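Trainee: whatever this is, show me its structure:
(2 chains)
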There are 2 protein chains.
Amino acid sequence: MTDRAVVLVSGGLDSATCLAIARARGYDCFALSFDYGQRSVSELAAAKRVVESQGSIEHRIVSLGLDALGGSALTDKNLAVPEDGTEGIPVTYVPARNTVFLAYALAWAEVIDASAIYIGVNALDYSGYPDCRPAYIDAFQNMMNLATKKAVEGGTIVLHAPLVEKSKADIIKAGMELGVDYGLTVSCYQADEVGNACGLCDSCRLRKQGFADAQLHDPTRYR
Amino acid sequence: MTDRAVVLVSGGLDSATCLAIARARGYDCFALSFDYGQRSVSELAAAKRVVESQGSIEHRIVSLGLDALGGSALTDKNLAVPEDGTEGIPVTYVPARNTVFLAYALAWAEVIDASAIYIGVNALDYSGYPDCRPAYIDAFQNMMNLATKKAVEGGTIVLHAPLVEKSKADIIKAGMELGVDYGLTVSCYQADEVGNACGLCDSCRLRKQGFADAQLHDPTRYR
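Mentor: Residues are numbered from 1 along each chain as shown, chains lettered A, B, ... in the order given. Purely as a prediction, here's the structure:
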């Protein structure tokens, strides 16, 4: 049996690249996305387009109910998305988001007997997000090694974060080489229903700068 | 402000005791339960009764959609609940369940600025569940220390598992001293709608034995 990987796919640029990397490494990929009350409904539509364009064995979308716990501009419609490049941990940080995402990835990995989990987190661009750092990824791996039936029986599931120390420009270059169509992805925190980006939020700024630094054409549709 | 604790409450004997311990330690308790497609609908009714009887600032029930990922006799109606005390990791093990539960607890703890999370896992009675062991709890704590905005800003959230090394009899004795009404709790993996227990599944066996060992009256209603 070909090795299986659960790949977290948000519909953004990073996770599209991450899926392409997992596929290039020969895994049978099982794509996992979440409906967590995010403002941007176009994110899930983008996730579907990305998975369809690259191909995967399965694509599941799990509803989290995370919005019931509140606390982020990405899920709480009473908080404004900042457009001024604020320092520190942004209000768009969703509490414990990657921990919740990875917990589900681990559950599915156990069920389908996957040997790998891929997550497209990036420490350089999102220095304000604690759960995008290499030390966090290592600690999650250690916890995983004790958490599962498979671990108890001597197997392991390896958590891969291939983009964690890459610049946005390098991520884009790597994805382009693997044939990722970035026109299908949506990075904007407040994209409209058809995926047109604001061009102003932190995520749009990073993406724009990444294409500029990579000296590659940016296929993003700005409104 | 009184310190806040997120307490995982399943409706079973252990978590009812755990809530009583957190309350006795002086925390303002925020009870968290999950609807994860478990067979036993009476579990959630029991969780509500337990929280009401002991009192909490809030009680939230989050829908997980974990059943969509399959793999356990507790969520998959095509798998039978064993009644013969099978060795090893039982089919009632839910993949990565405590990891998913604790991830949500962490998210809520961040949002409400709690300094503690309480989980009523027990390593002795459930030796077949990898995510009930002390080493797992320690590893989750390490991961938590890197995962949150609060951690980055120098604060900590402490994960407490006060029952982890206690026998079922000692748990029952501790709870009785704190006034826990075990008649409100449901442990059975296949309780009927009103909470009557089968008396045959692993969980019923452990509970029965616990009351017997503690030489205390078992208020469980068996059908």
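
Trainee: alpha carbons only for contacts and neighbour counts from here, please
Mentor: Noted.

Trainee: residues from chain A in reach of chain B?
Mentor: A:62-66, A:68-71, A:89, A:95-97, A:99-100, A:103-104, A:106-108, A:110-111, A:129-131, A:135-136, A:139-140, A:142-143, A:146-149, A:152 (CA under 8 Å from any CA of the partner chain).

Trainee: filter these down to the ones in strands?
Mentor: Taking DSSP state E, the ones among the residues of chain A next to chain B that sit in strands are A:Val62, A:Ser63.

Trainee: neighbouring contacts of whichever strand or helix holds A:Ala45?
Mentor: Assigned by DSSP states H and E, A:Ala45 belongs to helix A:42-54. Helix A:42-54 has contacts (CA atoms under 8 Å, 6 or more residues apart in numbering or on different chains) with A:9-12, A:16, A:19-20, A:31, A:33-35, A:59, A:180-181, A:184-187, A:191-195.

Trainee: A:Tyr129: neighbour count?
Mentor: 26 (other CA atoms under 10 Å in any protein chain shown).

Trainee: measure it to A:Ile172 for me?
Mentor: Noted for A:Tyr129: a distance of 21 Å to A:Ile172, by CA to CA, to the nearest Å.

Trainee: what about the longest strand in chain A?
Mentor: Max-length strand for chain A by DSSP E is strand A:28-35.

Trainee: and that strand, what does it pack against?
Mentor: strand A:4-8, helix A:13-24, helix A:42-54, strand A:58-63 (3 or more CA pairs under 8 Å, 6 or more residues apart in numbering or on different chains; DSSP states H and E).

Trainee: pick the most buried one from those.
Mentor: Among those, the stretch with the highest mean neighbour count (mean count of other CA atoms under 10 Å in any protein chain shown) is strand A:4-8, at a mean of 28.

Trainee: listing partners with orientation, what would you give for it?
Mentor: For strand A:4-8, the paired strands and their directions (DSSP bridges) read strand A:28-35 (parallel), strand A:116-118 (parallel).

Trainee: next, count neighbours for the closest residue to A:Cys18 other than its chain neighbours.
Mentor: Of all residues not flanking A:Cys18 in the chain, A:Gly120 sits nearest, at 5.3 Å (CA to CA, 6 or more residues apart in numbering or on different chains). Residues near A:Gly120, counting by other CA under 10 Å, number 25.

Trainee: what's near enough to touch A:Gly120?
Mentor: Contacts of A:Gly120 (CA under 8 Å, 6+ apart): A:Leu8, A:Asp14, A:Ser15, A:Thr17, A:Cys18, A:Ala161, A:Pro162, A:Leu163, A:Val164.

Trainee: any chance of these in TSV, plus pLDDT?
Mentor: Formatted as TSV, the contacts of A:Gly120 follow (pLDDT from 0 to 100):
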residue	pLDDT
A:Leu8	97
A:Asp14	95
A:Ser15	96
A:Thr17	98
A:Cys18	98
A:Ala161	98
A:Pro162	98
A:Leu163	97
A:Val164	95
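
Trainee: related to what we said a few turns ago, which stretch among the helices and strands packed on strand A:28-35 comes nearest A:His217?
Mentor: helix A:13-24 (13.9 Å; CA to CA).

Trainee: element containing A:Ala169, please.
Mentor: Using DSSP H and E, the element containing A:Ala169 is helix A:168-177.

Trainee: how far does whichever helix or strand comes after that helix sit from the chain's center?
Mentor: Going down the chain from helix A:168-177, the next helix or strand is helix A:202-214, by DSSP H and E. Offset of helix A:202-214 from its chain centre (CA atoms, centre = their mean, to the nearest Å): 16 Å.

Trainee: list the buried residues of helix A:202-214.
Mentor: A:Asp202, A:Ser203, A:Cys204, A:Arg205, A:Leu206, A:Arg207, A:Lys208, A:Gly210, A:Phe211, A:Ala214 (16 or more other CA atoms under 10 Å in any protein chain shown).
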